[in-house]
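Colleague: need a structure here:
(one chain, ligands or ions: 1)
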Amino acid sequence: MCGIVGINSIEQIKVTDAVKRLKRLEYRGYDSFGYFDGKKLFKKIGQIIIPNIPDKSSIVIAHSRWATHGGVTQNNAHPHQSCDKKITIVHNGIIQNYQELKKDLATKGHSFIGETDSEVAAHYFEEKIKRKNIKEVCVDFIRDIKGEFALLVMIEGDENIYALRRDSPLVLGVAEGQNILASDIYAFSDITTKAIFFENDEFAIISSDKYAFYDKHGKKTDKKIQEFRWEQEESATENYEHFMIKEIMEEPKVARRLLMSLGAEQKENFRKFVNLIRDSRKITFVGAGTSYHASLLGVYYLHKCGIEAQTLIASEFEHFVGVDENTLVIALSQSGETMDVIEALKYAKGKDAKIASIVNVPYSTIQRMSEISLNICAGQEVCVAATKSFVNQVTLMLAIAKDFGFRITLDTIPDRIFEVLKQEEKIKDIAHSIYKHRDIYVLGRGLSYPVAREMALKIKEISYIHAEGMMGGELKHGTIALIEKGTPVIALISNSDYSMLSNAKEVEARGANVIKITNEMEGNIKINTSNDGKFGILATIVGQILTYFMALEKKLPIDKPRNLAKSVTVK
Ligand code: F6R
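Modeller: All right, here's what the predicted structure looks like:
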């Protein structure tokens with residue numbers, strides 16, 4: 001996680017402009033932030049606040065932190081400096097062998113002010129630069145470091161920024177009069193469409209008007225500028241109090257946008273994607289969190305039309321899934337940067353599997369690792385909770401399943417979503433009646449099982465209420481012991497699923513406060529669709545709205561819940 005920015009500009013820029021760029025990456029982590037402008041080192045705990053300062057500089061590096069090694073303290077905030085303060089660094093990733101390096105550097109007289117792994121990088125450069133030139137030090141760093149890094153280094157009296165990368169995302173934006181290094185293109189997508197992506201074990205020397213890239217041996221590499229398109233900027237809350245509700249309300253619009261793009265600019269790719277599925281002997285999805293839940297729904301829909309597939313949570317993928325050259329691995333990821341997914345794909349690549357992906361952020365690492373990739377066109381999602389991206393992931397899954405015979409009219413999805421959004425007040429009342437509870441259970445069967453899990457995840461991360469999303473049939477095998485008088489249980493009953501209805505009755509008989517979300521049967525919230533595919537999307541949206549209003553009642557930091565980050569780039 002963590003967001004990094006480095007700007008090297010011909011003209012002096014306002015330091016606050018650099019911090020504003022960093023703010024665009026705040027979703028990557030918001031435990032603390034800091035910057036160095038060649039003179040001033042600034043660090044602060046908490047979310048990024050644009051400082052009220054007149055300072056200008058032509059070179060700035062900045063960092064927003066999601067803590068891994070070392071608590072959320074001023075000393076652990078980046079940038080970090082060497083003992084002589086001549087080297088300043090910002091780092092995203094984890095230096096796994098930092099303790100060894102720290103011990104070695106300590107014997108050479110270095111002292112450390114914090115507990116982070118990152119701080120060793122500043123001292124490593126300080127130590128090595130005594131005897132070697134900077135290119136040699138970069139080569140040594142890539143050789144000696146175990147772990148991941150997107151590292152920016154500034155050296156006193158030197159007008160360059162040195163940038164090194166392995167596994168953590170890093171991209172150079174080539175803008176007029178300035179070069180901008182960042183964790184992702186969104187940091188500079190407002191001023192340039194030209195980017196150069198770092199490969200693994202590559203480093204670069206970035207001045208204000210030039211750049212040079214080198215491989216791990218210090219040999220110059222030829223890099224091409226990529227023109228990128230990222231016109232879906234939706235970065236203001238507009239009339240909404242929070243990004244979460246704004247992004248939920250955007251769902252009809254983004255679903256329509258996706259469907260149009262599948263029939264237009266993504267048409268050919270979509271065809272190839274479907275053919276790849278058709279021609280593969282084994283199909284396995286991989287994803288984390290919400291994206292995993294979307295993939296579970298995908299497996300369900302494909303299964304319904306006779307295509308057998310499986311899915312697994314990315315961090316456990318290699319322990320449970322065997323892949324070979326006849327396997328197609330389809331990664332689902334909003335950010336396209338989730339480290340667990342990247343690791344699973346590396347494992348699959350190592351076994352010669354084919355890699356395809358479904359992502360939201362274009363040019364992301366996962367997209368670039370894939371033979372073929374489809375974009376879900378949800379636009380930037382600012383709230384940490386995935387909402388509109390889930391809707392579009394599932395819509396895309398349905399479009400694929402439809403190609404294999406799943407019966408659904410895709411074009412009416414946006415209108416059906418709109419009808420659910422209109423039930424906002426009703427859902428708000430339910431939120432009001434249950435938000436004080438410590439535990440909530442969500443039950444589903446078949447297609448509504450992934451929905452139950454997704455709803456529970458939203459409730460946990462945004463409303464801070466313990467929630468379990470379960471298979472309705474599994475409840476009686478243990479968890480039912482936790483049901484007490486008044487325990488809220490949300491039952492997702494699609495069509496005439498009498499087994500699910502029985503599960504709801506079982507908990508009702510034990511005093512639970514059952515809230516039914518249904519389409520055919522009588523329910524507290526009724527969804528206007530008779531289609532299984534649409535029920536999956538629409539019931540999830542009810543959960544998103546419910547979560548939002550529970551968190552609102554509790555006055556929680558809805559868009560930036562504690563301990564989380566939007567892009568999870570650590571294992
Ligand atoms: C939940 C949420 C996370 C992400 C997960 C994977 O609301 O946002 O569970 O779904 O971290 O992220 P991506 O989809 O970017 O790979």
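Colleague: I'd like the distance between K566 and T547.
Modeller: Distance from K566 to T547, counting by C-beta to C-beta, to the nearest Å: 16 Å. Bear in mind the C-beta positions are built from the backbone N, C-alpha and C, glycine included.
Colleague: so where is the stretch 151-300 of the chain shaky, pLDDT-wise?
Modeller: When the per-residue scores of the stretch 151-300 of the chain are filtered using pLDDT under 70, the ranges that remain are 230-236.
Colleague: Quick check: chain neighbours aside, which residue is closest to the closest residue to the ligand within it?
Modeller: With distances taken as C-beta to the nearest ligand atom, the stretch 151-300 of the chain approaches the ligand most closely at G289, which sits 1.9 Å away. Closest residue to G289 apart from its sequence neighbours, by C-beta to C-beta, 6 or more residues apart in numbering: L457 at 6.5 Å.
Colleague: Over to the one you found. Which of the three states is it?
Modeller: Here L457 is helix, with the state taken from DSSP: H, G, I helix; E, B strand; the rest coil.
Colleague: these two touch, right, it and A294?
Modeller: No. Contact status for L457 versus A294: not in contact, 11.5 Å apart, counting by C-beta atoms under 8 Å.
Colleague: Those two: who's more crowded?
Modeller: It is A294, of L457 and A294, that has more neighbours when counted by other C-beta atoms under 10 Å, with 32 against 22.
Colleague: Would you tell me what the next helix or strand after the host helix or strand of that one is?
Modeller: Using DSSP states H and E, A294 falls within helix 289-304. Following the chain from helix 289-304 toward its C-terminal end, the next helix or strand by DSSP H and E is strand 310-313.
Colleague: K20 versus the nearest residue to E238 once chain neighbours are set aside, what's the distance?
Modeller: Spatial nearest neighbour of E238, chain neighbours left out: K246 (6.1 Å); criterion: C-beta to C-beta, 6+ apart. Distance from K246 to K20, counting by C-beta to C-beta: 20 Å.
Colleague: Likewise for K534?
Modeller: If you measure K534 against K20 using C-beta to C-beta, the figure is 40 Å.
Colleague: quick one: which of the two has more around it?
Modeller: Higher neighbour count among K534 and K20: K534, with 25 against 16, using other C-beta under 10 Å.
Colleague: List the buried residues of the helix or strand where that one lies.
Modeller: Taking DSSP H and E as the definition, one finds K534 inside helix 532-553. By 16 or more other C-beta atoms under 10 Å, the buried positions in helix 532-553 come out as 532-552.
Colleague: Likewise for stretch 392-403?
Modeller: 392-403.
Colleague: nearest to the ligand, of these?
Modeller: So of these, ranked by how close each gets to the ligand (C-beta to the nearest ligand atom), first place is Q393, at 8.1 Å.
Colleague: Name the nearest residue to the residue in the stretch 351-500 of the chain positioned nearest to the ligand, ignoring sequence neighbours.
Modeller: The shortest separation between the stretch 351-500 of the chain and the ligand is 3.6 Å, found at A386 (distances taken as C-beta to the nearest ligand atom). In space, not counting the residues next to it along the chain, A386 is nearest to T290; the distance is 3.9 Å by C-beta to C-beta, 6+ apart.
Colleague: who are the neighbours in contact with the one you found?
Modeller: When contacts are counted by C-beta atoms under 8 Å, 6 or more residues apart in numbering, T290 is found next to 334, 385-386, 389-390, 454, 457.
Colleague: which parts of this structure sit against the ligand?
Modeller: With the criterion set to C-beta under 6 Å from any ligand atom, the chain comes near the ligand through 288-291, 333-335, 338, 341, 385-386, 457, 461, 568.
Colleague: can you give me the helices for the stretch 451-571 of the chain?
Modeller: Along the stretch 451-571 of the chain, the stretches classed as helices by DSSP state H, counting those that start in this stretch are 498-508, 532-553.
Colleague: would TSV of those helices with mean pLDDT be doable?
Modeller: Formatted as TSV, those follow (pLDDT from 0 to 100):
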stretch	mean pLDDT
helix 498-508	94
helix 532-553	97
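Colleague: how does the chain divide up, domain by domain?
Modeller: With automatic domain parsing as the criterion, the domains of the chain are listed as 3-227, 233-422, 423-566.
Colleague: how much space is there between F112 and the ligand?
Modeller: F112 sits 31 Å away from the ligand when distances are taken as C-beta to the nearest ligand atom, to the nearest Å.
Colleague: Just say helix, strand or coil for that residue.
Modeller: Here F112 is coil, with the state taken from three-state DSSP.
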